[in-house]
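# need a 3D model of the following:
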Amino acid sequence: CDTWPKCTDDSLFATPAQGMHGAIEFGNRLLTYVLSAAVGWAIIAVSSMKPRRRKVTRLAWSQFWIVLGNAILGGITVWAGLNPWTVAGHFLLANALLAVTVITWVRIGEGDGPAR
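Alright, predicted model coming up:
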């Protein structure tokens, strides 16, 4: 996909002329919605925990901000013609999301009691 938010000037979807690369890029764009739903579920889940755990809630919200930032940076990356620096930033934010998600998962299992 050469443009953002559309894949071409005329189409929101990848076209057969774009081949496999267009399909991959369009799939990545759709993945944003799946990630947004998963992060939204995580925010709702940790916000409804009793007792409320502020640190875990902050971690869940940080996932939201990372996904939002990565979506914006993804658009900028396309507009910049896949500039290596923006691609690297996009990749680093994706890894930050993975790291924060794992930290959230571990923190949920730890509890807030004193260390043993």
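# alpha carbons only for contacts and neighbour counts from here, please
Fine.
# list the contacts of Trp85.
Trp85 is in contact with no residue at all, counting by C-alpha atoms under 8 Å, 6 or more residues apart in numbering.
# same thing with Val67?
Contacts for Val67 were tallied using C-alpha under 8 Å, 6+ apart; they are 32, 35-36, 94, 97.
# mind listing what's buried in the helix or strand containing Ala37?
Element membership of Ala37, judged by DSSP states H and E, is helix 19-47. For helix 19-47, a neighbour-count test (16 or more other C-alpha atoms under 10 Å) marks 22-23, 25-26, 29, 39, 42-43, 46-47 as buried.
# can I get the contacts of Val67 in CSV with distance to Pro51 and pLDDT?
Shown next, in CSV, are those (distance: C-alpha to C-alpha, whole Å; pLDDT from 0 to 100):
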residue, distance to Pro51, pLDDT
Thr32, 31, 86
Leu35, 26, 92
Ser36, 25, 93
Ala94, 30, 95
Leu97, 25, 96
